[in-house]
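> predicted model and sequence below, questions to follow.
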2 protein chains.
Amino acid sequence: MKQELIDCRNRIDKYIHKTPVLTSHLLNKLTGSELYFKCENFQRMGAFKIRGALNALLNLSDEERNRGVVTHSSGNFAQALSLAAQTLGAKAYIVMPSTAPEVKKKAVNGYGGEIILCEPTLKSRIETAEKIKEERGAVLVHSSNDINVVLGQGTAAMELFEEQPGLNCVIAPVGGGGLIAGTSLAVNYFGNNCKTIGGEPFEADDAYRSLQSGKIEHNKTTNTIADGLKTELGDITFPIIQKYVDLIIRVEEKEIIAAMKLIWERMKIVVEPSGAVPFAALIREKEKFKNQKVGIILSGGNIDLGNLPF
Amino acid sequence: MKQELIDCRNRIDKYIHKTPVLTSHLLNKLTGSELYFKCENFQRMGAFKIRGALNALLNLSDEERNRGVVTHSSGNFAQALSLAAQTLGAKAYIVMPSTAPEVKKKAVNGYGGEIILCEPTLKSRIETAEKIKEERGAVLVHSSNDINVVLGQGTAAMELFEEQPGLNCVIAPVGGGGLIAGTSLAVNYFGNNCKTIGGEPFEADDAYRSLQSGKIEHNKTTNTIADGLKTELGDITFPIIQKYVDLIIRVEEKEIIAAMKLIWERMKIVVEPSGAVPFAALIREKEKFKNQKVGIILSGGNIDLGNLPF
């Protein structure tokens, strides 16, 4: 997959921001590690997801792209696919539950996506997306369980290694698994004796339990503030994670909020709860990371300022 | 003063961060201007004030520095002088009203400053500082009305011009006047046909009225969320401002909050209310700045996350 990652990087490079890698003396002192934060909160549309969405679209034939793409998502991927399609002059159909907040619908519309409302069940979401696929000929793009999406998300870690080749490990959040799978591929091919570690809420710990049991497990609860991490692994992301991810650290809700607050207060940057999960994982097990060079993927910064946990 | 600014810059350079200049396509589109945000919220201790504090300390003789410095402040300058003194191995005495929030006292202690409490009146603050000066031989450093502090604060705009020589104007917040005075000197000597504009809350508009009347006016109210801008001009800052500042734009409280929210949401960075005032001023009079290259000093990012206005 090394060449695929390089090709992907070249394919999407001109459409994305090369996000900065930030450091903080204070947080280094606090944790005893040397931390390198890859700031995907500064990425276009505020999250890494634009990377995978662009790669998926750019892998379509012109004819396919002309027919448009469809996905079901009410989160960052809905905005990412809309913006990626707009950037490339294609049409994006976004299937969203009728209960989705107005602010999310507005954001999708703002990026030119066409919203199709469905019932707030997974069944209705999948069926509605299938219907759009058949009726309008649109190509279905899954938010994580798609190899082109996985490769796209892996480019954030590739950029991180260009700035910091000597990292001992990289920590990324685990939701549907697209980011952690892509990150683990990048670590495998471009890291130097580097480990991939996932951060996951206890309240949505399907990936942790899947690695334990050796098969795809489902979430028992999704009662987490990290709303980007409620999704589950799929048949494409799971085998990659099984092979290349060294460890998943679970964190409690209050640890996510505390880590997020520390990042806002000390680094003066806005990161969403899902994006703070890897740093929460590091703090929870900080003895493990003592004196190590640690890359942390701050995955996104999209948050409702009217509804903060502090 | 050109050579004084250059000397000051060289003197403090190794002790401060060279803060980034950020841009935002979205905010450019929204305002119709080309905006360059000088991010002093990423400065050491979270605000530009460390610049002036360091320059004041570095201008003392070794003998004076050994005796220590004293100031009265409950805001960012208290932290700045403490950190500057700590950095240079000197002692800082900080006079604070007994009513100052615990979080501010903690921050000063964290940077090694020694707090002396006084009554919450200006009279008591000044008297207590004078007492420390006499009893301990400490040198009094004012938070804004001191030419070395003014020169130090001007170095932020100097750095901005190095990255963007072609700015049409620079907007900075106006409190005690140290930052706007220093900025106006930097604009005068290093800008190219560039204007200096101040942003000030209607609720603490002493500088606006001082420019109108030609003498130092006092605040009628200080009921503003921009807590760094409640202070007043002095006999050193006022003449510089009178000579070199082209315009002061006053803004309403709700405009400050809206500007701050826009910066957090769109740029994903944390800026304090005082730091959002220049951007609020630009939005209020955006027709004036159409198609111009505008430098904006984001002065700081120290804010109590438990007490946000949204």
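Alright, I've got the coordinates.

> give the contact list for the nearest residue to A:Lys261 once chain neighbours are set aside.
Excluding its sequence neighbours, the residue lying closest to A:Lys261 (Cβ to Cβ, 6 or more residues apart in numbering or on different chains) is A:Phe310, at 5.6 Å. Quick note: C-beta positions are derived from backbone N, CA and C, even for glycine. Applying Cβ atoms under 8 Å, 6 or more residues apart in numbering or on different chains, we find A:Phe310 in contact with A:Ile257, A:Lys261, B:Leu305, B:Gly306.

> could these be laid out in TSV, adding secondary structure?
TSV is the format used below for these (DSSP: H, G, I helix; E, B strand; the rest coil):
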residue	secondary structure
A:Ile257	helix
A:Lys261	helix
B:Leu305	coil
B:Gly306	coil
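
> out of those residues, which are buried?
Neighbour counting by 16 or more other Cβ atoms under 10 Å in any protein chain shown classes A:Ile257, A:Lys261 among the contacts of A:Phe310 as buried.

> flag every buried residue along stretch A:88-103.
Burial within stretch A:88-103, assessed by neighbour count using 16+ other Cβ under 10 Å, is assigned to A:Leu88, A:Ala90, A:Lys91, A:Ala92, A:Tyr93, A:Ile94, A:Val95, A:Met96, A:Pro97, A:Ala100.

> gap between the two ends of that stretch?
24 Å (Cα to Cα, to the nearest Å).

> please see if it touches chain B.
No. Judged by Cβ under 8 Å from any Cβ of the partner chain, stretch A:88-103 makes no contact with chain B; its nearest approach is 10.5 Å.

> please report how far A:Gly301 lies from A:Gly177.
According to Cβ to Cβ, to the nearest Å, A:Gly301 and A:Gly177 sit 21 Å apart.

> counting neighbours around each, name which of these two comes out higher.
Just comparing A:Gly301 and A:Gly177: by other Cβ atoms under 10 Å in any protein chain shown the higher neighbour count belongs to A:Gly177, 28 against 24.

> who's in contact with that one?
With Cβ under 8 Å, 6+ apart, A:Gly177 has these contacts: A:Ser144, A:Asn145, A:Ala207, A:Leu233, A:Gly234, A:Thr237, A:Phe238, A:Ile240, A:Ile241.

> chain B: which of those residues is nearest?
Within these, proximity to chain B (Cβ to the nearest Cβ) peaks at A:Ser144, which comes in at 22.7 Å.

> my guess is that closest one contacts A:Val150, does it?
Yes. A:Ser144 lies in contact with A:Val150 (Cβ atoms under 8 Å); the separation is 7.5 Å.

> what does chain A put close to chain B?
Residues of chain A lying close to chain B (Cβ under 8 Å from any Cβ) are A:20, A:41-42, A:46, A:261, A:264-265, A:268-271, A:301, A:305-306, A:308, A:310.

> show me which of these is closest to B:Ile216.
Nearest to B:Ile216 among those: A:Lys268, at 33.4 Å, using Cβ to Cβ.

> report the separation between the closest one and A:Met1.
Applying Cβ to Cβ to A:Lys268 and A:Met1 gives a distance of 37 Å.

> which parts of chain A are strands?
A:21-22, A:34-39, A:69-72, A:92-97, A:114-118, A:139-140, A:169-173, A:195-201, A:247-251, A:293-298 (DSSP state E).

> among the contacts of A:Gly177, which pair sits farthest apart?
Using Cβ to Cβ, those span at most 12.8 Å, a distance reached by A:Asn145 and A:Ala207.

> returning to what we had before: tell me the most buried of the strands of chain A?
Mean neighbour counts were compared across these using mean count of other Cβ atoms under 10 Å in any protein chain shown; the top stretch is strand A:169-173, at a mean of 29.

> what lines up beside that one in the sheet?
Its sheet considered, strand A:169-173 pairs with strand A:195-201 (parallel), strand A:293-298 (parallel) by DSSP bridges.

> can you tell me the residue of the stretch 1-150 of chain A closest to chain B?
For the stretch 1-150 of chain A, Cβ to the nearest Cβ, closest residue to chain B: A:Asn41, 4.6 Å.

> just want the most central residue of chain A.
Nearest to the mean C-alpha position of chain A, counting by Cα atoms, centre = their mean, stands A:Leu179 at 4.5 Å.

> pull the contacting residues for A:Gly191.
A:Gly191 makes contacts with A:Phe161, A:Leu167, A:Val170, as judged by Cβ under 8 Å, 6+ apart.

> which parts of stretch A:231-238 are buried?
Taking 16+ other Cβ under 10 Å as the criterion, stretch A:231-238 shows A:Thr231, A:Glu232, A:Leu233, A:Gly234, A:Ile236, A:Thr237, A:Phe238 as buried.

> hmm, back to that, let me have the contacts of A:Phe310 in a markdown table, extended by distance to A:His218 and pLDDT.
As requested, these are exported to a markdown table (distance: Cβ to Cβ, whole Å; pLDDT from 0 to 100):
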| residue | distance to A:His218 | pLDDT |
| --- | --- | --- |
| A:Ile257 | 25 | 98 |
| A:Lys261 | 31 | 97 |
| B:Leu305 | 35 | 93 |
| B:Gly306 | 37 | 88 |
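
> noted, bye for now.
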